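Participant: model the structure of this input:
(one chain, ligands or ions: 1)
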Amino acid sequence: MIRDVTANNSAELKTAETVSSIDVALSVHGLRHSYGGDAFVVDGVSLKFPVGSWTAVMGPSGSGKSTLLYCMSGLLRPSEGRVSCSGTDITGLSPDELTRFRREHFGFVFQGYNLLPELTCTQNVMLPTLFGPAPISEAEANEALTSVGLDGYGDRYPDGISGGQSQRVAIARALATHPDVVFADEPTGALDTHTTRAVMDLFGMVVKHGQTLIMVTHDPNVAACADRVVFLVDGRLASVHGRMSASDIALAFATGFASPADATTIPDDEVHISADSHEGE
Ligand SMILES: Nc1ncnc2c1ncn2[C@@H]1O[C@H](COP(=O)(O)OP(=O)(O)OP(=O)(O)O)[C@@H](O)[C@H]1O
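Facilitator: The predicted structure is shown next:
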């Protein structure tokens, strides 16, 4: 059953608390983005992401998922609205400040891995930190590779490893600086089912360690691993759910995202999430 994350019956309230009463890693208010002209591809999104939560952003092709992710992560400056992280409104930062902030607080995992072929796996993990104030050592990069199951792969080059291993290098690179928030855009889009499962297990570990994960995906099985599923339609929040099964997610797609009886559209700031969503994992 799709769980209504704003359900107001008492049983639900016992296991849920408002995000406003727990630590928030990232907060987005009134986000709108246009690539030019009057059309907003992200149109008035407000959400809060609790520390240590895992959110899947889903919706039809072209609904603005990637644009939302890029605006939230400071890769794209939104046309309107605020994005706050650790008490900083990142939409108010200068380009240099924003680059620094991203480097210190955010990690990124993309479908295409974005590994440089001329560099070894270790060097790829180290690379983003080399331009900042706290470059990581070779040993730290290798430790990050070990944490994603790639012990001994440091000297290999990207063209000598599989797609799944490449994605794990990309995840090691994203995690090496211990970012507060990891943004992932279709992180399993190019992976087979087995490797997808391994990447989801890794993400589960990341979240258990208190990092916050925000992931765009088309895959109901992948989204079913998240604590919360957010559906975007035409740049707007269609509905926000707690943990969903893959079949309920598929049903939501089939019925237009908000039709299932207990799905809900969340008002601006009042997003509820299960307080015990990682228990028993
Ligand atoms: N750089 C850009 N310039 C102009 N329009 C863009 C740009 N990037 C995306 N768009 C448009 O913005 C809309 C939303 O795109 P976006 O990639 O955010 O959607 P999406 O939901 O992630 O799509 P998909 O699931 O197909 O990846 C689309 O109509 C797209 O064509």
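Participant: switch to C-alpha atoms for all contacts and neighbour counts from now on
Facilitator: OK.
Participant: hmm, stretch 186-204 in reach of the ligand?
Facilitator: No. Judged by CA under 6 Å from any ligand atom, stretch 186-204 stays clear of the ligand, getting no closer than 8.3 Å.
Participant: for the residue lying closest to Leu175 once chain neighbours are set aside, pull up the helix or strand it's in.
Facilitator: Leaving aside its chain neighbours, Leu175 sits nearest to Gly107 (6.4 Å; criterion: CA to CA, 6 or more residues apart in numbering). Here Gly107 sits within strand 106-110, counting by DSSP states H and E.
Participant: what helices and strands are in contact with that strand?
Facilitator: For strand 106-110, the packing partners by 3 or more CA pairs under 8 Å, 6 or more residues apart in numbering; DSSP states H and E come out as helix 163-175, strand 181-185.
Participant: contacting residues for Gln165?
Facilitator: Leu150 (CA atoms under 8 Å, 6 or more residues apart in numbering).
Participant: quick check: the residue in the stretch 101-250 of the chain positioned nearest to the ligand vs Ser84, distance?
Facilitator: Nearest residue of the stretch 101-250 of the chain to the ligand: His218, at 7.0 Å (CA to the nearest ligand atom). Applying CA to CA, to the nearest Å, the value for His218 to Ser84 is 26 Å.
Participant: again with Val233
Facilitator: 23 Å.
Participant: pull the CA atoms of the helix or strand hosting Gly204 into CSV?
Facilitator: For Gly204, the enclosing helix or strand under DSSP H and E is helix 193-208. As requested, the backbone C-alpha atoms of helix 193-208 are provided in CSV (Å, rounded to 0.1, in the frame of the first residue of the first chain):
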residue,chain,number,x,y,z
THR,A,193,20.3,-5.6,-12.3
HIS,A,194,23.0,-7.2,-10.2
THR,A,195,25.3,-4.1,-10.2
THR,A,196,22.3,-1.9,-9.5
ARG,A,197,21.6,-3.9,-6.4
ALA,A,198,25.2,-3.5,-5.3
VAL,A,199,25.1,0.3,-5.9
MET,A,200,21.8,0.5,-3.9
ASP,A,201,23.5,-1.4,-1.0
LEU,A,202,26.3,1.2,-1.1
PHE,A,203,23.8,4.0,-1.0
GLY,A,204,22.1,2.4,1.9
MET,A,205,25.4,2.4,3.8
VAL,A,206,25.9,6.1,2.9
VAL,A,207,22.5,7.0,4.3
LYS,A,208,23.1,4.9,7.5
